[in-house]
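# sequence first, predicted model second:
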Amino acid sequence: MSKYTVNISSYDAFRKDTFGKLFDTDNAYGSQCFDAADLLWRQLKTTQPDGSPRRLRATGGAAMGAWDVSVRATNAGTEFDIIADVTKIKRGDVIVFGTKLGAYGHIGFADEDYKTPAISTYSQNQGGTNGVGQAAAFTVRSYTSAGLIGAFRFKAWNAPPPPPNPPSPSRMDDALEMLKQLAKMPNTAPPDSTIGDVLEILKELAGMKPSPAPNQPEPKKTVEQVAQEIWRGQGDWGTGEVRKQKLIAYGGEQFQKDVQARLNQLAAGK
């Protein structure tokens, strides 16, 4: 049983629960990047092939040893997909780097979908004294994509959403009754409110979201608010070019540039 309990209902929940914190899951060498990934494995309720509690395995005492062929399938188990093509990496995947990042490699979580020349990585021991002190806590840092050697994808974070609930019979009856009333008024224009009600019910039955209420625009967020949302993995801002276009659509090109500048400051620890 893990000595730590964190929220693993989603990658964003895991990130929120661990950001800026230190974890030493194996009681060795302080808070290492290996502990960051191992923390997820130790939350699982399944067991190792030998019946012991679930944990991440690695050969040679190195982070990149988690990808070694002798333990790769065991690490994946039934809960993870093995991603051998690094260009298919998605946000939330456990990514493994080889010797391009040093003799022991590196391991962490992709904080964005695969991109070059570098990929944002969420992990521990990404700055400061090796495995010691607050500088070793969970944070985000970019590393060269050329160093990636593989990834594990936690299936629970990539499950398809449940199907929507079927419309209730009562709502169908409401729509039919309103249509019957409209049919009885062949020479009279029906009230706009009645037509609107029918349309909203039909949209609901078709699985469409109702139209937003008029004259109620969502208040704009500041550069700092949006930057903090993105940094914490909150909101639906996406990554890369998708994020850029969403920010421009939200507040214009200067707004996008200001948010990116603030994200760069956060990445630098400012």
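Sure thing, it's come through. Fair warning: this is a prediction, and the values are worked out from it, not measured in the lab. Numbering: from 1, shown residues only.
# residue ranges with poor pLDDT in the stretch 151-270 of the chain?
For the stretch 151-270 of the chain, applying pLDDT under 70 flags the ranges 164-172, 174-176, 178-219.
# neighbours around Lys115, how many?
16 (other C-beta atoms under 10 Å). Where C-beta positions appear, they are placed from N, C-alpha and C, glycine not excepted.
# no, scratch that, I was asking about Lys155
By other C-beta under 10 Å, neighbour count at Lys155 equals 12.
# and if you look at Lys90?
17.
# I'd assumed Leu56 was in contact with Asp68.
No: using C-beta atoms under 8 Å, Asp68 is not in contact with Leu56, being 11.8 Å away.
# domain parsing for this structure?
11-157, 169-205, 223-265 (automatic domain parsing).
# so how far is the first one off the chain centroid?
Just to be clear, that refers to domain 11-157. 15 Å (C-alpha atoms, centre = their mean, to the nearest Å).
# that one: end-to-end distance?
End-to-end span of domain 11-157 (C-alpha to C-alpha, to the nearest Å): 6 Å.
# now stretch 35-49
Distance between the two ends of stretch 35-49: 21 Å, counting by C-alpha to C-alpha.
# before we move on, the earlier item: among Asp68 and Leu56, which residue is more densely surrounded?
In this view Asp68 and Leu56 are compared by other C-beta under 10 Å, and Leu56 has more residues nearby, 24 against 15.
# run a quick neighbour tally on Pro117.
By other C-beta under 10 Å, neighbour count at Pro117 equals 8.
# who are the contact partners of it?
144-146 (C-beta atoms under 8 Å, 6 or more residues apart in numbering).
# measure it to Pro49 for me?
39 Å (C-beta to C-beta, to the nearest Å).
# likewise for Ala13?
29 Å.
# okay, these two: which has more neighbours?
The neighbour comparison of Ala13 against Pro49 (other C-beta under 10 Å) goes to Ala13, with 14 against 8.
# wait, that one touches Phe19, no?
No: assessed by C-beta under 8 Å, Ala13 is found out of contact with Phe19, at 11.1 Å.
# average model confidence for stretch 77-84?
Mean pLDDT, stretch 77-84: 95.
# endpoint to endpoint, that stretch covers what distance?
Start and end residues of stretch 77-84 are separated by 15 Å (C-alpha to C-alpha).
# residues in contact with that stretch?
Against stretch 77-84 from outside (C-beta under 8 Å, 6+ apart): 44, 46, 54, 72-73, 76, 89, 93-94, 150-156, 158.
# repeat that for stretch 242-249.
Contacts of stretch 242-249 (C-beta under 8 Å, 6+ apart): 226, 230, 236-238, 255-256, 259-260.
# try 6 Å
237, 256, 259 (C-beta atoms under 6 Å, 6 or more residues apart in numbering).
# contact partners for Ser10?
Trp157.
# and it, how far from Gly147?
Taking C-beta to C-beta, one finds Ser10 at 27 Å from Gly147.
# Ser31 now?
Separation of Ser31 from Gly147 (C-beta to C-beta) stands at 21 Å.
# quick one: the helices in the stretch 1-150 of the chain?
11-18, 33-41, 69-76 (DSSP state H, counting those that start in this stretch).
# out of the ones you listed, deepest packed?
Most buried of the helices of the stretch 1-150 of the chain, by mean neighbour count (mean count of other C-beta atoms under 10 Å): helix 33-41, with a mean of 26.
# tell me which strands and helices it is in contact with?
On a contact count with 3 or more C-beta pairs under 6 Å, 6 or more residues apart in numbering; DSSP states H and E, helix 33-41 meets strand 106-110.
# same thing but at 8 Å, please
Helix 33-41 sits against helix 11-18, strand 106-110, strand 118-123, with contacts defined as 3 or more C-beta pairs under 8 Å, 6 or more residues apart in numbering; DSSP states H and E.
# contacting residues around it?
Here helix 33-41 has contacts from 2, 4, 6, 8, 14, 18, 23-26, 54-56, 58, 63, 66, 75, 94, 106-109, 122-126, 138, 154, using C-beta under 8 Å, 6+ apart.
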